[in-house]
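Sequence and predicted structure are below.
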Amino acid sequence: MDQIISGRFAPLRFQLWPRDSFRIVNWNIERGLRFNRVVEFLKACKADLILLQEVDLNARRTHHLDVAREIAQSLQMNYVFAREFQELTQGSRTSPAYHGQATLSPWPLSNPRILRFQKQSNFWRPHWFLPEVSPFQERTGGRLALVVEVSVAGNVTITYNLHLESRGEDELRGSQLNETFEDARRYDSDMPILLAGDLNIDMSTGPAATAISEARFQDAFANQHVTTRPAHSFLGHGRIIDWIFTRGPIRSSQPQVHRSVNASDHFPLSINLTFA
C-alpha cells in the first residue's frame, strides 16, 4: 500500500527567463467517474501543478482505468500516485483496486513520500457480517498526505496533497492535520510549502483555524471562499471543505472556485502563486 507509483509524460521544458509564478489546481475528482469532463477542465486550466484526491486505480466503477496515469498522458504531465485505500468491492484478489491521491505537473517531480496518519477511522474496515458489495465500500488502508517536491523553472516547492477523514469527529481530522504540521517542521522557514486537499472540515473557525495559524500557514483564498462541495437535498447547504494553504516565501492571487464545472461532487479550486 505504501508503494508510490509514478510516470513521466511531459516533454523537456526549457525556461529562457526567470519564472517567479505558477498556477495550481486542487480538486477531489470523485474517483474520476466523469473522466472526460475532468480531463477537459484540466486541459483548459494549463496549470503548472495539479493536486487530485479520490483517484481510482483499476476499479470497476471507473472501467478499470489507471485514472492518474490516463490524466497525466492526456495532459502530457509527470505524475505521482499514492494508494490511500484498497477498495475491496471494486477489484478481486488477483486484480486489486485502489484509490488515492495524485500530484501532476509538466515540471519535474521528485522525492515523493507518503505520510500515512497514525490516527484513522474504523468505519471503512471490513466486517464479517457485511456482504462484499459496492454499497458497503469496505476498504483497507488509511488516510494520508502525499508529499512531493516540484521544481518550476528551478524554483522548488514542497507540496502536501491531503485527504482527511470524512467519518468521525473534527477531533480526528485535527489530529491528522497536526501530524502534517509536525512533518512540515522539518523544512526551513524559507522553503515554500503548499498544503492543499479535501480536508473535510471548515478551516476558518475553531481549533482548526487556530492550528493552521500556529503552524504559520496562510489561507491562499484569504476569506474569499464559497462552498466547494455542492449541496444535496438531504444535506442542505453546500460545504467549504476543500482548501489551499501556503507557508514561506510565496504569495497567492486570483483565487477561484470553478462552480460551473460539473465533473465531480466537489468544485475545483485554482490559484496563482508567486515566489517572493
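Structure received. Numbers count the residues shown, from 1 in each chain.

so G141 bridges to which residues?
Taking DSSP bridges as the rule, G141 bridges to F85.

and it, how many neighbours?
When neighbours are counted by other C-beta atoms under 10 Å, G141 registers 19. Backbone N, C-alpha and C define where each C-beta goes, glycine included.

let's have the chain start at 9 instead
Understood, numbering begins at 9; the last thing we discussed is G149.

Now do it against Q11, distance only.
Taking C-beta to C-beta, to the nearest Å as the measure, G149 falls 12 Å from Q11.

shared neighbours of those two, anything?
Shared contacts of G149 and Q11 (C-beta atoms under 8 Å, 6 or more residues apart in numbering): R91.

show me what contacts D250?
Contact analysis of D250 by C-beta under 8 Å, 6+ apart lists N34, W35, N36, G205, D206, L207, T236, R237, H274, F275, L277.

Which residue is the nearest non-sequential neighbour of it?
Nearest residue to D250, sequence neighbours excluded (C-beta to C-beta, 6 or more residues apart in numbering): T236, at 3.8 Å.

Count the neighbours of that neighbour for me.
T236: 24 surrounding residues under other C-beta under 10 Å.

mind listing what it touches?
Per C-beta under 8 Å, 6+ apart, neighbours of T236: G246, R247, I248, I249, D250, V265, H274, F275, L277.

Can you name the residues that contact the third one?
The one in question is I248. Counting by C-beta under 8 Å, 6+ apart, I248 touches D210, S212, H233, V234, T235, T236, R237.

pLDDT score for the closest residue to the fourth one other than its chain neighbours?
To tie it back to what came earlier, the one meant is V234. Nearest non-adjacent residue to V234, counting by C-beta to C-beta, 6+ apart: V265, 5.1 Å away. For V265, the pLDDT comes out at 95.

Do I have it right that V265 meets H233?
Yes - with contact defined as C-beta atoms under 8 Å, V265 counts as touching H233 (7.5 Å).

rewinding a little: closest one to Y168 out of the contacts of T236, please.
Closest approach between the contacts of T236 and Y168, by C-beta to C-beta: D250, at 14.0 Å.

Redo the contacts of I248 as CSV? Include secondary structure.
Listed next are those as CSV, based on DSSP: H, G, I helix; E, B strand; the rest coil:
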residue, secondary structure
D210, coil
S212, coil
H233, coil
V234, coil
T235, coil
T236, coil
R237, strand
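
among those residues, which ones are buried?
With neighbours counted by 16 or more other C-beta atoms under 10 Å, the contacts of I248 contain buried members at H233, T235, T236, R237.

residue ranges of the strands in the stretch 109-258 of the chain, please?
Taking DSSP state E, counting those that start in this stretch as the test, the strands found in the stretch 109-258 of the chain are 117-124, 147-149, 152-160, 163-171, 201-206, 226-227, 250-255, 258-265.
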